[in-house]
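*Asks:* Whatever this is, show me its structure:
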Amino acid sequence: MRAAAYPRPALVLAHLSDTHLRHPDDPLVRGVLDPRPLLLRALAAVEAHAPRALVFTGDLSDDGTPESYAELRHLVLPVAERLGATVIWGNGNHDSRAAFRSVLLGLPEPDGGPLNQVHDVDGLRVLWLDTTVPGTDHGEVAPESLEWLAARLAEPAARGTILGMHHAPLPVVQDMAASWELHGQAELAAVLAGSGVRAILAGHYHQSGFGTFAGIPVHAATSVCYTQDLASGRGMRGQDGAQGWHLVGVHAHTVTSTVAAIGHFPTIMRTRSPEESTAELATRGIVIADP
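*Replies:* Model (predicted):
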């Protein structure tokens, strides 16, 4: 028998972004698309992987109404409770800080400041950095948030740190997206350089993207709601298709992301259960070690 090159991940996270739920009385995004069935399909797939945390990286609401956040809780929390998973709610440019803070975070009356957060997931520190500028599509990190981030990163974490933020610090691939990008990236990079952050999870652009920022891998998730059609070249066309979420594996020496499409598609190979897969690997002399 030989062991597979990598053991199973020490932790699995589900990374979902840009759900864009609306008030249940007016659920259609741009009068066309109801994102709730898409979210339910994504959550069903998420549940099959038993993640330790569900990380939502912004634009959870499309209209910023308290009712849209209540609907999101109604859909997500039963799944998280069955899994015993932490839910990390991150805000984006479409979100209302006041309603988000009250309904999702359960915090008292808003002070108007950034909604930065610290979470511990079995020794993995997940920091949420609020990059929103109320009333605008672009992002920026407030000076007080940079100070907060530097202070948190000065503290040790058993399994290291993953940073969540809405505005992905990556070059845009479609020209219009330049008006939505993150401002002040040099200042953020100065805080992150040499910090030991293992990965940045983000969203915002409604398309999967990967790169590095300050030497840190960036995993930008596609949207649960609608995506950008890359067949339009450097132009832009929002489409009802290719929606998905990311399955994140936290290993001892790497963090991986796998794009998971939402939907059920025709079968072209024989289906194998996890148990059947383990048994078949054993016949081939292969085992996958536990972390």
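
*Asks:* Flag the shaky bits of the chain, pLDDT-wise.
*Replies:* 110 (pLDDT under 70).

*Asks:* can you list the residues that contact stretch 72-81?
*Replies:* 19, 21, 36, 39-40, 43, 46-47, 54, 56, 60-61, 85-87, 103-104 (C-beta atoms under 8 Å, 6 or more residues apart in numbering). Where you see a C-beta, it was placed from the backbone N, CA and C, and this is true even at glycine.

*Asks:* can you do 6 Å?
*Replies:* With contact meaning C-beta atoms under 6 Å, 6 or more residues apart in numbering, stretch 72-81 is reached by L21, L39, L43, E47, L54, L60, V87.

*Asks:* what does stretch 106-117 give?
*Replies:* N91, A98, R101, W128, L129, D130, A142, S145, W148.

*Asks:* For the helix or strand hosting the second one, buried residues please.
*Replies:* Think A98. Assigned by DSSP states H and E, A98 falls within helix 97-99. Within helix 97-99, the residues scored as buried using 16 or more other C-beta atoms under 10 Å are R97, A99.

*Asks:* And for stretch 165-172?
*Replies:* For stretch 165-172, by 16+ other C-beta under 10 Å, it's M165, H166, H167, A168, P169, L170, V172.

*Asks:* Equivalent analysis for stretch 100-112, please.
*Replies:* F100, R101, S102, V103, L104.

*Asks:* Please compute how far that stretch lies from its chain's middle.
*Replies:* Offset of stretch 100-112 from its chain centre (C-alpha atoms, centre = their mean, to the nearest Å): 21 Å.

*Asks:* start at 26 instead
*Replies:* Sure, I'll start counting at 26 from here, so that last one is stretch 125-137.

*Asks:* So for it, could I get the coordinates as CSV, restricted to C-alpha?
*Replies:* What follows is stretch 125-137, C-alpha atoms only, in CSV (Å, rounded to 0.1, in the frame of the first residue of the first chain):
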residue,chain,number,x,y,z
PHE,A,125,-26.4,43.5,8.6
ARG,A,126,-25.1,44.3,12.0
SER,A,127,-28.5,43.9,13.7
VAL,A,128,-29.9,40.8,11.9
LEU,A,129,-26.8,38.7,11.1
LEU,A,130,-24.3,39.7,13.8
GLY,A,131,-26.9,40.3,16.5
LEU,A,132,-25.1,43.5,17.7
PRO,A,133,-26.7,46.5,19.3
GLU,A,134,-27.4,49.8,17.6
PRO,A,135,-24.9,50.6,14.9
ASP,A,136,-22.1,53.0,15.4
GLY,A,137,-21.5,53.3,11.7
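
*Asks:* follow-up on the earlier one: next, format the buried residues of stretch 125-137 as CSV and append distance to E212.
*Replies:* Formatted as CSV, these follow (distance: C-beta to C-beta, whole Å):
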residue, distance to E212
F125, 25
R126, 25
S127, 30
V128, 31
L129, 28
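
*Asks:* Show the residue spans covered by the strands in the stretch 176-316 of the chain.
*Replies:* According to DSSP state E, counting those that start in this stretch, the stretch 176-316 of the chain carries its strands in the segments 186-192, 207-208, 222-228, 234-238, 241-245, 252-253, 263-264, 269-275, 280-286, 311-312.

*Asks:* Direction included, what does the fourth one pair against?
*Replies:* Looking back up the chat, that one is strand 234-238. If you go by DSSP bridges, strand 234-238 pairs up with strand 241-245 (antiparallel).
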